[in-house]
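Enquirer: compute the structure for the input listed below.
(2 chains)
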Amino acid sequence: NAGVMQNPRHLVRRRGQEARLRCSPMKGHSHVYWYRQLPEEGLKFMVYLQKENIIDESGMPKERFSAEFPKEGPSILRIQQVVRGDSAAYFCASSPSLQETQYFGPGTRLLVL
Amino acid sequence: QQQVKQSPQSLIVQKGGIPIINCAYENTAFDYFPWYQQFPGKGPALLIAIRPDVSEKKEGRFTISFNKSAKQFSLHIMDSQPGDSATYFCGGGATNKLIFGTGTLLAVQP
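Expert: Numbers count the residues shown, from 1 in each chain, chains lettered A, B, ... in the order given. Below you'll find the model as predicted:
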């Protein structure tokens, strides 16, 4: 059983461009979570999704950030008009149900020039 | 109410020592407290987790001690090895939304 997959692993964008981060949960997992990790900081919760639904987006910045988890395909975290402050590692986690352990992917390291 | 405070920020022990990492939480609604281990360039991996109805949980060389009244919990690593050198994060919350501490960088010297 493959773990949580994230791609790309590294992404470089210039200010003002769009960044799309993809997360494929573990097989059988229908719950996806996105976290952001800034250098020298811990993991910050961003959003929790189930298939086709955003359940909790209380950690998402109000502008430029959006997330989706369509019926088919991976979950996408989208950052529009990136700024240097968006440079961070973005981790996706998945779980089979609400009460189960979250398993993390390897992360996408975003660098905004 | 949503913070999880973790200490120390970094820790150096000799091989065989017992590093202890402490966390404190504020929100009494939290019912799940995991510890994750993260190696450089990798995603966090679950080490061990506890719920507030028990005061201690042990898995291999890793032990969580939980003090519900003080709203504190800690990770103990028995017989630490150089391969345990990593960053450790405590978390608190419900399984659908975890609040993490800022991490402890552990170095185990040979």
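
Enquirer: CA atoms for contacts and neighbours, from now on please.
Expert: Noted.

Enquirer: so how far is stretch A:100-113 off the chain centroid?
Expert: How far stretch A:100-113 lies from its chain's middle: 6 Å, per Cα atoms, centre = their mean, to the nearest Å.

Enquirer: run through the helices of chain A in chain order.
Expert: In chain A, no helices are defined using DSSP state H.

Enquirer: residues from it in reach of chain B?
Expert: A:40-45, A:48, A:91, A:98-107 (Cα under 8 Å from any Cα of the partner chain).

Enquirer: strand partners of the helix-or-strand element of chain B with minimal mean pLDDT, parallel vs antiparallel please.
Expert: When the helices and strands of chain B are scored by mean pLDDT, DSSP states H and E, strand B:97-100 comes last with a mean of 86. Strand B:97-100 sits in its sheet next to strand B:86-94 (antiparallel), going by DSSP bridges.

Enquirer: who's in contact with the residue sitting nearest the centre point of chain A?
Expert: Compute the mean C-alpha point of chain A, and by Cα atoms, centre = their mean the closest residue is A:Trp34, 3.8 Å away. Contact analysis of A:Trp34 by Cα atoms under 8 Å, 6 or more residues apart in numbering or on different chains lists A:45-48, A:77, A:90-93.

Enquirer: roughly how far apart are it and B:Ile50?
Expert: 22 Å (Cα to Cα, to the nearest Å).

Enquirer: got it, and B:Cys23?
Expert: Taken as Cα to Cα, the span from B:Cys23 to B:Ile50 is 13 Å.

Enquirer: more neighbours: which of the two?
Expert: Taking other Cα atoms under 10 Å in any protein chain shown, B:Cys23 and B:Ile50 do not tie; B:Cys23 has more neighbours (24 against 21).

Enquirer: in terms of secondary structure, what does the helix or strand hosting the more buried one contact?
Expert: Here B:Cys23, judged by DSSP states H and E, is contained in strand B:20-25. Judged by 3 or more Cα pairs under 8 Å, 6 or more residues apart in numbering or on different chains; DSSP states H and E, strand B:20-25 is in contact with strand B:4-7, strand B:72-77.

Enquirer: what parts of chain B come near chain A?
Expert: B:41-46, B:89, B:94-103.

Enquirer: can we see that at 10 Å?
Expert: B:6, B:9, B:32, B:34, B:36, B:38, B:41-46, B:49, B:87-91, B:94-105 (Cα under 10 Å from any Cα of the partner chain).

Enquirer: for ChimeraX, write a command that selects the buried ones of these.
Expert: Restricted to buried positions by 16 or more other Cα atoms under 10 Å in any protein chain shown, the ChimeraX selection for the residues of chain B next to chain A reads:
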select /B:6,32,34,36,38,43,44,45,46,49,87,88,89,90,91,94,95,96,97,98,99,100,101,102,103,104,105
